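Undergrad: Let me see the structure of the following:
(chains A, B, C and D)
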2 protein chains.
Amino acid sequence: MTLRQVAERAGVSIRTVSNVVTGAVPVRDATRIRVEQAVEELGYRPNVAARRLRSGRAQAIGLVLPDVTVPYFREFADDVFAAARAHGLAVVVEQTRGDLDRERSVLADPRLRHVDGIVFASVALDRDDLAAMPPPGRPVVLAGASAFDGPLDAVAPDQYAAGHAVGDLFGRTGRSRPVIVSADSQRSPLQASARYQGFIDGLADHGVDFGDTGGGQAVLRSAAVTLEAGRAAVPTVLDRWPGVDAIFANADALALGVLRGLHDAGRRVPEHVALVGFGNVEYAAHSHPTLTTVDTSRAAAAQAAVKLILQRRDAALPAAPQHLDIGFTLVERESTGAGG
Amino acid sequence: MTLRQVAERAGVSIRTVSNVVTGAVPVRDATRIRVEQAVEELGYRPNVAARRLRSGRAQAIGLVLPDVTVPYFREFADDVFAAARAHGLAVVVEQTRGDLDRERSVLADPRLRHVDGIVFASVALDRDDLAAMPPPGRPVVLAGASAFDGPLDAVAPDQYAAGHAVGDLFGRTGRSRPVIVSADSQRSPLQASARYQGFIDGLADHGVDFGDTGGGQAVLRSAAVTLEAGRAAVPTVLDRWPGVDAIFANADALALGVLRGLHDAGRRVPEHVALVGFGNVEYAAHSHPTLTTVDTSRAAAAQAAVKLILQRRDAALPAAPQHLDIGFTLVERESTGAGG
DNA sequence: GTGAAAGCGCTAACAC
DNA sequence: GTGTTAGCGCTTTCAC
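TA: Here you go, the predicted model:
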């Protein structure tokens, strides 16, 4: 079924059929109805490839993320699916496992060539990597923490402010021996991040010096962003910083593992140790105790990213990279002594 | 960058460049190297849309599933990504939430029009639905239990045999009061399924009559395939069938919830109650106790489905629907008294 | 508001 | 083994 066949059947030109189908140009009612009937009878469906070749629009976006196994990214994927759906866009998914080499090369992957733009949840790339990458040739929007002020478009919460909110929470609830559990890498250490800086500043506002926990810098690097990794981190934390009374885990999966680890170790949350995660995954509201965490506006980020891609594709935006702050919320729950 | 420009630069015809790029037709070494150099210098990348329009191949498949939130489907998605990757295919993901209407209409979704074929993990469609659907117009492979012998291609384990293996396990380990927890629907009740028939036959081989558990048919219908739903089902099970000594949960997520529910109720697994799940999700090997379950060869199914799509696309297969039995394994773990 | 026609970049049939 | 060429089905000037 082609436009031509429909045109013949309806006794109009191919142009008119196209106008009816795309809806871009108004068509006289009588003509339109005749065309619609022909379309219906012939079961005509536009050929996406031809349309794309001619128009340069794929009506599809790429979604690059580490792994749908990690709760946070799974939920983010969900949000991107919804946002894309709202714009009639298909979503091509590509996983990187958080692997640096994969993240470096993924934008050149032929399987992502036929998309209008890419939502890229990077976890391994730093500013230098991004600077070294060839221009992607189509809109790419970074989602999340990575290199917020780099050369690419980005949507993310204000990491400094988010860290600050957590530090402030610990400070104002009288915690003075905080420890951080983080899955950061050697390449982009937590200590270099705005989130970290915000955290210690937030503590300092209440006269708490992060150095005071003892044992040097109270940061434990976890091997992975998993429940198991979080759980496994606890004995080390308790051993190295026996006086710990608060833990900031840099991802909810980690935090939920820490929660279990603390339970195993006989420490009560929040009585002995306050606990805060990052990401506000669904399960954070269902754990026992429920988990205080930073909600990073995943859905808003997904929507903003998709919209940005569309705007760039349709050339409504200047070339300068956009960096959208999509906000965050500190969700206080039982793990820091809040009511629900 | 087009083929033409590369051809000019290399001093050959467009045809030769095409031959080099696709690798379909052998090209003399000297020529090939010259072309490759031109490709490199110009940074030429084939235009996917043009290629697809001309060749009719999208080099992409669709993956339709209920929800990447359900562990089983998340892991299946992982397997499909890997299989597609191995063939250089992109994957367009579409979620249905397991909703009947969505599943009925999803194959007509324009966002899935530009794919070579679709791997369809259906949970809601029954034989009549499938028969009533218009011919999809491109390869569609059902993955999982749904309508294995229907008009569409399908890859699935032998449901009767799988059910039988579980019934047999209960029977041979002396369980005589089994209960089933299932998230089946009114429309396609478990009792009509081969898996169920196999289960009761497996029990019968050891002289156990599934009717003997008392209280009518010992099947509890759960509202959803989630941990919470499994957990919530336990009090009802214990109330309705107090003598229960074995539970077959028709999905691992459910089983893991049941595991918790039994713990909450003070019943020990496997001492008081043996428990078997279905699907062998990753977490089944890490719960306490570890979960006995039916491994449905997800990876094999994913690979077979992708291969089938490719074969159909390239017309190497007759029109008759293929129904591939990809086997299963009963993985015995602690929840039925096995060692590991 | 509608028709005629060009051509997006590529593959493949046809020549040699 | 390579050149020439005809479209794949569509959008989009350019006319009227």
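
Undergrad: For A:Pro151, list the residues it contacts.
TA: Shown in contact with A:Pro151 (Cβ atoms under 8 Å, 6 or more residues apart in numbering or on different chains): A:130-131, A:321. Quick note: C-beta positions are derived from backbone N, CA and C, even for glycine.

Undergrad: who wins for neighbours among the residues you listed?
TA: A:Leu130 (19 neighbours; other Cβ atoms under 10 Å in any protein chain shown).

Undergrad: that older thread, using a markdown table, please lay out the contacts of A:Pro151 together with distance to A:Val219.
TA: Putting the contacts of A:Pro151 into a markdown table (distance: Cβ to Cβ, whole Å) gives the following:
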| residue | distance to A:Val219 |
| --- | --- |
| A:Leu130 | 25 |
| A:Ala131 | 27 |
| A:Pro321 | 31 |
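
Undergrad: can you pull out the strands in the stretch 101-250 of chain A?
TA: A:117-120, A:140-143, A:153-156, A:178-182, A:219-221, A:246-249 (DSSP state E, counting those that start in this stretch).

Undergrad: just those strands: most buried one?
TA: Among the strands of the stretch 101-250 of chain A, strand A:246-249 has the highest mean neighbour count (mean count of other Cβ atoms under 10 Å in any protein chain shown), at a mean of 30.

Undergrad: Only alpha carbons, please: show the lowest-mean-pLDDT helix or strand in chain A as CSV.
TA: When each helix and strand of chain A is scored by mean pLDDT, DSSP states H and E, helix A:127-132 comes last, with a mean of 87. Below are the C-alpha coordinates for helix A:127-132, written out as CSV (Å, rounded to 0.1, in the frame of the first residue of the first chain):
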residue,chain,number,x,y,z
ARG,A,127,34.4,16.0,31.9
ASP,A,128,37.5,15.0,30.0
ASP,A,129,35.8,12.0,28.4
LEU,A,130,33.0,14.2,27.2
ALA,A,131,35.3,16.8,25.8
ALA,A,132,37.3,14.1,24.0
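
Undergrad: which secondary structure elements does it contact?
TA: helix A:100-105 (3 or more Cβ pairs under 8 Å, 6 or more residues apart in numbering or on different chains; DSSP states H and E).

Undergrad: and the helix it packs on, does that touch chain B?
TA: No: judged by Cβ under 8 Å from any Cβ of the partner chain, helix A:100-105 stays clear of chain B, getting no closer than 11.1 Å.

Undergrad: swap in stretch A:273-281?
TA: No: in terms of Cβ under 8 Å from any Cβ, no part of stretch A:273-281 sits within range of chain B; the closest distance is 10.5 Å.

Undergrad: Pull the distance from that stretch to the chain's centre.
TA: Remark: stretch A:273-281 is offset 17 Å from the chain centroid, using Cα atoms, centre = their mean, to the nearest Å.

Undergrad: what are the bridge partners for A:Val331, then?
TA: Here A:Val331 sits in beta bridges with A:Thr293, going by DSSP bridges.

Undergrad: Could you list the buried residues of stretch A:191-199?
TA: Neighbour counts over stretch A:191-199 (16 or more other Cβ atoms under 10 Å in any protein chain shown) mark A:193-199 as buried.

Undergrad: again, but for stretch A:310-318
TA: The neighbour-count check on stretch A:310-318 (16+ other Cβ under 10 Å) flags A:310, A:312-313 as buried.

Undergrad: Residues contacting it, please?
TA: Stretch A:310-318 is contacted from outside by A:57, A:87, A:116-117, A:138-139, A:153, A:308, using Cβ under 8 Å, 6+ apart.

Undergrad: Out of those residues, name the ones that lie in helices.
TA: If you go by DSSP state H, those have A:Leu308 in helices.

Undergrad: from the contacts of stretch A:310-318, which is closest to B:Val166?
TA: A:His87 (45.1 Å; Cβ to Cβ).

Undergrad: pretty sure the closest one is touching A:Val306, no?
TA: Yes: contact criterion Cβ atoms under 8 Å: A:His87 and A:Val306 qualify, at 6.2 Å.

Undergrad: Return the residues in contact with the residue in chain A sticking out farthest from the centre.
TA: Taking Cα atoms, centre = their mean, the residue of chain A most remote from its mean C-alpha position is A:Gly11, at 50.5 Å. When contacts are counted by Cβ under 8 Å, 6+ apart, A:Gly11 touches A:Arg34.

Undergrad: got any ranges where chain A has weak pLDDT?
TA: For chain A, the stretches flagged by pLDDT under 70 are A:145-148, A:212-216, A:316, A:340.
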